[in-house]
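Chemist: Quick one: sequence and predicted model below, then my questions.
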There are 2 protein chains.
Amino acid sequence: MERDDATGLCTTDASRQYTKEVLRRVGDTWSLATIARLTDGPHRFTELMKDLPGISHRMLTQTLRSLQRDGLVSRTAYAEVPPRVEYALTPLGHSMLEPLTELTKWAEDTLDQVADHRRTFDT
Amino acid sequence: MERDDATGLCTTDASRQYTKEVLRRVGDTWSLATIARLTDGPHRFTELMKDLPGISHRMLTQTLRSLQRDGLVSRTAYAEVPPRVEYALTPLGHSMLEPLTELTKWAEDTLDQVADHRRTFDT
DNA sequence: CAGTATCCGTCAGGATACTG
DNA sequence: CAGTATCCTGACGGATACTG
């Protein structure tokens, strides 16, 4: 596997597949936010609705299905009345948190720089 | 700033802005691939076209403008005939490579797991 | 409560043609 | 060579109504 010596970022065709793969898994509007919300433990559907301001009923369902399909989130239904369903991160889901956190920190640290540059660029 | 103790991933409203911010900057189809291609130094427009299989003329322009606008990529035009323009990562662009590489490695390492899980889930 | 189904608007992004 | 402008399609995602 070739990697750039300075940074470790692959520049091969194969490596670009991985970046695309990441986007395919969590590149949509709600996946990352949903994962972040599940960081501290299992949550119910309604809790997630409440804690993800702006998400629609439909999109939460769809996002959870997608994450579940990829093995990042588990779904547990309890046979009760009223029905209760809990979503939680799987070990695989947890394994994403560390690299994801790095990227989030980077965004946080560079937010102002980017905003400044954008203003300058527009003028 | 509240962070989850176990993982360091923010779960506050503010932190979700950062994840959204990342997606806004590089969440489209071609930004990450373009950045990866610029890792090893400056490249010309045509080189990038050739090295990003499937990208259209229009989308490369649009992607480069967006990255330029955010200060991740610099554009240098040489007053020659025929015209020559070179794109390169800025220091800010370089600063993204490390966290990005972590995420790429994660995708690489978990690709098979996800593929397996997806097959199982479909049945 | 936790979904599924349907309709519909918006927009990313491809194809193509035209300029400096 | 390195763009810009225009048109068009398909996927993302919101609103709403209906089930177990």
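Modeler: Structure received. Numbers count the residues shown, from 1 in each chain, chains lettered A, B, ... in the order given.
Chemist: Please tell me I have it right and residue A:97 contacts residue A:38.
Modeler: No: using CB atoms under 8 Å, residue A:97 makes no contact with residue A:38, being 9.8 Å away. Yep, even glycine has a C-beta here, placed from its N, CA and C like the rest.
Chemist: shared neighbours of the two, anything?
Modeler: residue A:89 (CB atoms under 8 Å, 6 or more residues apart in numbering or on different chains).
Chemist: all helices of chain A, in order?
Modeler: A:13-26, A:31-37, A:45-51, A:57-69, A:91-122 (DSSP state H).
Chemist: can you give me how far the longest one is from the chain middle?
Modeler: Taking the mean of its C-alpha atoms, helix A:91-122 sits 13 Å from the chain's own mean (CA atoms, centre = their mean, to the nearest Å).
Chemist: Any buried residues in stretch A:60-75, and which?
Modeler: By neighbour count on 16 or more other CB atoms under 10 Å in any protein chain shown, the buried set for stretch A:60-75 is A:60, A:63, A:64, A:66, A:67, A:68, A:69, A:70, A:71, A:72, A:73, A:74.
Chemist: rewinding a little: give me the more crowded residue out of residue A:97 and residue A:38.
Modeler: residue A:38 (25 against 21; other CB atoms under 10 Å in any protein chain shown).
Chemist: What backbone torsions are found at that one?
Modeler: Main-chain dihedrals, residue A:38, degrees, to the nearest 10: phi -90, psi 0.
Chemist: Closest residue of chain A to DNA strand D?
Modeler: Residue of chain A nearest DNA strand D, by CB to the nearest atom of the strand: residue A:29 (2.8 Å).
Chemist: Low-confidence ranges, chain A, go.
Modeler: Filtered on pLDDT under 70, chain A yields the residue ranges A:1-13.
Chemist: related to what we said a few turns ago, adding distance to residue B:82, write the buried residues of stretch A:60-75 out as JSON lines.
Modeler: JSON lines is the format used below for the buried residues of stretch A:60-75 (distance: CB to CB, whole Å):
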{"residue": "A:60", "distance to residue B:82": "53"}
{"residue": "A:63", "distance to residue B:82": "48"}
{"residue": "A:64", "distance to residue B:82": "53"}
{"residue": "A:66", "distance to residue B:82": "47"}
{"residue": "A:67", "distance to residue B:82": "49"}
{"residue": "A:68", "distance to residue B:82": "53"}
{"residue": "A:69", "distance to residue B:82": "49"}
{"residue": "A:70", "distance to residue B:82": "47"}
{"residue": "A:71", "distance to residue B:82": "51"}
{"residue": "A:72", "distance to residue B:82": "49"}
{"residue": "A:73", "distance to residue B:82": "52"}
{"residue": "A:74", "distance to residue B:82": "57"}
